[in-house]
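1. next comes the sequence, and after it the predicted model I'd like to discuss.
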Amino acid sequence: MTDKRKILFVNDEMQMGGVARVLNTLMAALPEDRYEIDLLVLHREGMLLKEIPEKVHVIEGTPFFRAVDQSLELLWKEKDIAGMAGKLRLLAYMKTGLIWKKIQKERKKLLKKRYDVEVAAKEGFCTIFTACGNSRRKINWVLTDYSVCNYSRNHMPLVQKALSHIDLNIADSEQALTAYETVFGVSNGVTIHNLMDTGRIERCLQEDDGSEINGTDGPNVITVARFHPQKSIDRLLIASHETYLSGNHHTLYLIGGGEEEEKLRTMVKEMNMNNVVFLGYRQNPYADMAKADLYVSSSLYEGFATVISESLIVGTPVLATEVSGAREQITEKDHGWVVENTQQGLTEGMKTALCSIGDLKDMKYFLKRDYRYPNEEILNQFMEVL
């Protein structure tokens, strides 16, 4: 029997969200008899730490890296003097270029073996960290559309230097790959869609067969998202309001929470939107998603929105704004609609979808009967490059 390949994944944190979720799914799916997996969490915090597969050895970053995922603006608002000092120190290292030697020094404290493959699980600082090491093969995982939001815009020379040491860039959608290669001038990339934990989704549906989706005033519409500017829930509220006033009555359910919740609740109150229901954050939203007639994704940008695929897996058609990956997930007339990423596009799309009750029912029937997410093919693609 050949030795297991030693794999190191590097992530900045394990907060609830798409990156940590797809990372856990991939690590769980990789065969234990072929891979020995370590996970370095630079700042060991986040709800998804508890969902890391048992077979994975977790390494915690040194104190230097605690600031890597923290916002200087938020630290200022919270008057966290120690946090601000740590963040400014990190930024100083990055701006001066001394971060390269600093990471190499910190790596010696953390990592006691050489890896066959090292994967930066989130592009940006994790890319720089991986590039500074001596792993035999270095991979960078790209999970957002850099043509819309360039998280590395303040450190372009540093990231471009790091990318010169990366053997392969994996993007989760064709559009995300094209954008990344254009922004950074690289050409060593492939597209591999995200693995979905379909087993977990099925278990969650069985564990919670109840649902609060019980509106009687027309179709039930749902979204599950962080209340963050990227998700553009304010546009969804406006679209819902205008659609309702046009005679397309429906109930809109919002699952999630976040920094914009107060703003969104104020909008609902000021517009007198009695058709909107805030359900709060839910670790298991799948019964509600399955009961809904339509899922709406109103994001300004994405890489490959896993929640779109989750909705299709539970059998609910999707209306999505034109973002990276949407057309790779949604086959129109079978799965839903992809609309122009504007307020008007979203509003007109909702009106079209909610006028098409027969189409919604046909799509739900098709999805529940025929839809299968191609996990086996995707896993084989990952195993070919690791």
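-> Sure, I can see it.

2. how about the secondary structure of residue 243?
-> helix (DSSP: H, G, I helix; E, B strand; the rest coil).

3. residue 334: how many residues sit nearby?
-> Using other C-beta atoms under 10 Å, the number of residues around residue 334 comes to 14. Every C-beta, even on glycine, is put in place using the N, C-alpha and C of the backbone.

4. which helices and strands does the longest helix along the chain pack with?
-> As assigned by DSSP state H, the longest helix anywhere in the chain is helix 81-96. Applying 3 or more C-beta pairs under 8 Å, 6 or more residues apart in numbering; DSSP states H and E, we find helix 81-96 packed against helix 72-77, helix 99-110.

5. and among those helices, the most buried is which?
-> Across the helices and strands packed on helix 81-96, the average number of neighbours (mean count of other C-beta atoms under 10 Å) peaks for helix 99-110, which reaches a mean of 15.

6. thinking again about what came up before, tell me which residues of the longest helix of the chain come out buried.
-> Of all the residues in helix 81-96, those buried under the rule 16 or more other C-beta atoms under 10 Å are 83, 84, 86, 87, 90, 93, 94.

7. before we move on, back to that, got a markdown table for the helices and strands packed on helix 81-96, with distance to residue 289 too?
-> Below are the helices and strands packed on helix 81-96 laid out as a markdown table (distance: least, C-beta to C-beta, whole Å):
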| stretch | distance to residue 289 |
| --- | --- |
| helix 72-77 | 30 |
| helix 99-110 | 39 |
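
8. which one of the ones you listed lies closest to residue 313?
-> Smallest distance to residue 313 across the helices and strands packed on helix 81-96 (C-beta to C-beta): 33.9 Å, for helix 72-77.

9. same question for that closest one, mean pLDDT?
-> Helix 72-77 shows a mean pLDDT of 81.

10. identify all contacting residues around it.
-> With contact meaning C-beta atoms under 8 Å, 6 or more residues apart in numbering, helix 72-77 is reached by 83, 84, 87, 88, 91.

11. for the nearest residue to the third one once chain neighbours are set aside, grab the count of nearby residues.
-> The one in question is residue 87. Excluding the flanking residues, the one nearest residue 87 by C-beta to C-beta, 6 or more residues apart in numbering is residue 67, at 4.1 Å. When neighbours are defined as other C-beta under 10 Å, residue 67 has 22 of them.

12. same deal with residue 62?
-> Neighbours of residue 62 (other C-beta under 10 Å): 12.

13. what backbone torsions are found at residue 321?
-> Dihedral pair for residue 321: phi -70, psi 160, per degrees, to the nearest 10.

14. below-threshold pLDDT in this structure: ranges please.
-> Residues of the chain that meet the criterion pLDDT under 70 lie in 1-2, 16-17, 209-210.

15. domain boundaries for it, per the record?
-> 5-191, 198-370 (automatic domain parsing).

16. out of these, which is closest to residue 379?
-> domain 5-191 (5.3 Å).

17. how long is that closest one from one end to the other?
-> Domain 5-191 has an end-to-end distance of 22 Å (C-alpha to C-alpha, to the nearest Å).

18. same check on stretch 108-126?
-> End-to-end for stretch 108-126, by C-alpha to C-alpha: 16 Å.

19. can you show me the helices along the stretch 151-300 of the chain?
-> 156-163, 174-184, 198-207, 233-245, 261-270, 286-291 (DSSP state H, counting those that start in this stretch).

20. neighbouring contacts of the fifth one?
-> By C-beta under 8 Å, 6+ apart, the list of residues contacting helix 261-270 from outside reads 227, 233, 234, 237, 254, 273, 276, 278.

21. mind putting the domains of the chain into CSV with distance to residue 381?
-> Listed next are those as CSV, based on distance: least, C-beta to C-beta, whole Å:
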stretch, distance to residue 381
domain 5-191, 8
domain 198-370, 14
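
22. for residue 385, find the nearest of those domains.
-> Across these, residue 385 has its closest neighbour in domain 5-191 (6.1 Å, C-beta to C-beta).
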